[in-house]
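**Student:** please find the sequence and the predicted model below.
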Amino acid sequence: MSDSAWKVFQLDELIPRVQGDDPCFLEFLRMPSLSLAVYRLPAGSKDMQAPHLEDEIYYVVDGRATLRVSGEEKEASAGTILYVRATEEHSFFNITEDLTLLAFFGKADLSFK
C-alpha cells in the first residue's frame with residue numbers, strides 16, 4: 001500500500017477474498033494508529049483467536065453468532081457493533097450462520113499493563 005493521505009476499499013471486493021470452508025482473516029489496512037480486517041467464520045466453525053494488545057471493534061456485516069467476552073455473552077447479527085477492550089479474553093461461538101465481520105484495531109498502548 002502507498003503512503004497516500006486516504007484509501008478507498010469496496011466491501012464487495014474484499015468479502016470474496018475470505019470465502020471458503022475455513023475461518024479466514026484478511027487485514028487490508030495497517031496504519032500507525034489503526035488497522036482494519038475482514039474476518040469470516042463459517043457456520044459451525046471455531047473462533048481460535050487470542051486476546052489482542054489493541055482495543056477492537058467488530059461490525060457484523062452478515063451472519064449470526066454469540067460473542068463471549070470475559071464470561072459475558074452478547075448475540076451478534078448483521079448490523080451489530082461490538083467493542084472489546086485490549087487484552088480481554090473473547091471469542092465467537094454458536095456460529096449458526098456464516099459470520100462476516102469488519103474488525104477495527106486501535107493503536108496498541110504499549111504502556112498498558
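**Tutor:** The structure has been received and is ready for your questions. Numbering: from 1, shown residues only.

**Student:** can you give me the helices in this protein?
**Tutor:** Ranges of helices within the chain are 11-14, based on DSSP state H.

**Student:** so where is it shaky, pLDDT-wise?
**Tutor:** Scanning the chain with the threshold set as pLDDT under 70 gives 1-3, 108-113.

**Student:** pull the longest strand from it.
**Tutor:** strand 90-106 (DSSP state E).

**Student:** strand partners (parallel or antiparallel) of that one?
**Tutor:** Note on strand 90-106: by DSSP bridges, its sheet partners are strand 34-41 (antiparallel), strand 56-69 (antiparallel).

**Student:** out of those strands, deepest packed?
**Tutor:** Across the strands paired with strand 90-106, the average number of neighbours (mean count of other C-beta atoms under 10 Å) peaks for strand 34-41, which reaches a mean of 20. In short, each C-beta sits where N, CA and C put it, glycine included.

**Student:** figure out how far it is from the centre of its chain.
**Tutor:** What separates the centre of strand 34-41 from the centre of its chain is 4 Å, taken as C-alpha atoms, centre = their mean, to the nearest Å.

**Student:** buried set for stretch 8-18?
**Tutor:** Across stretch 8-18, burial judged by 16 or more other C-beta atoms under 10 Å covers 14, 18.

**Student:** which residues sit against it?
**Tutor:** Contacts with stretch 8-18, where a contact means C-beta atoms under 8 Å, 6 or more residues apart in numbering, come from 24-26, 28-29, 38-40, 61, 100, 102.

**Student:** just the buried positions in the longest strand of the chain, please.
**Tutor:** 90-92, 95, 98-105.

**Student:** okay, that strand in CSV with CA atoms only?
**Tutor:** Taking Å, rounded to 0.1, in the frame of the first residue of the first chain, the C-alpha atoms of strand 90-106 are listed here in CSV:
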residue,chain,number,x,y,z
HIS,A,90,-13.1,-13.1,23.8
SER,A,91,-14.3,-15.4,21.0
PHE,A,92,-17.3,-16.0,18.8
PHE,A,93,-19.2,-19.3,19.3
ASN,A,94,-22.6,-20.8,18.4
ILE,A,95,-22.0,-19.6,14.8
THR,A,96,-25.3,-20.6,13.3
GLU,A,97,-24.9,-18.6,10.0
ASP,A,98,-21.7,-17.8,8.2
LEU,A,99,-20.3,-14.8,10.0
THR,A,100,-18.5,-11.9,8.2
LEU,A,101,-17.1,-9.1,10.3
LEU,A,102,-15.1,-6.0,9.9
ALA,A,103,-12.5,-5.8,12.7
PHE,A,104,-11.1,-2.4,13.6
PHE,A,105,-8.0,-2.4,15.8
GLY,A,106,-6.8,0.7,17.6
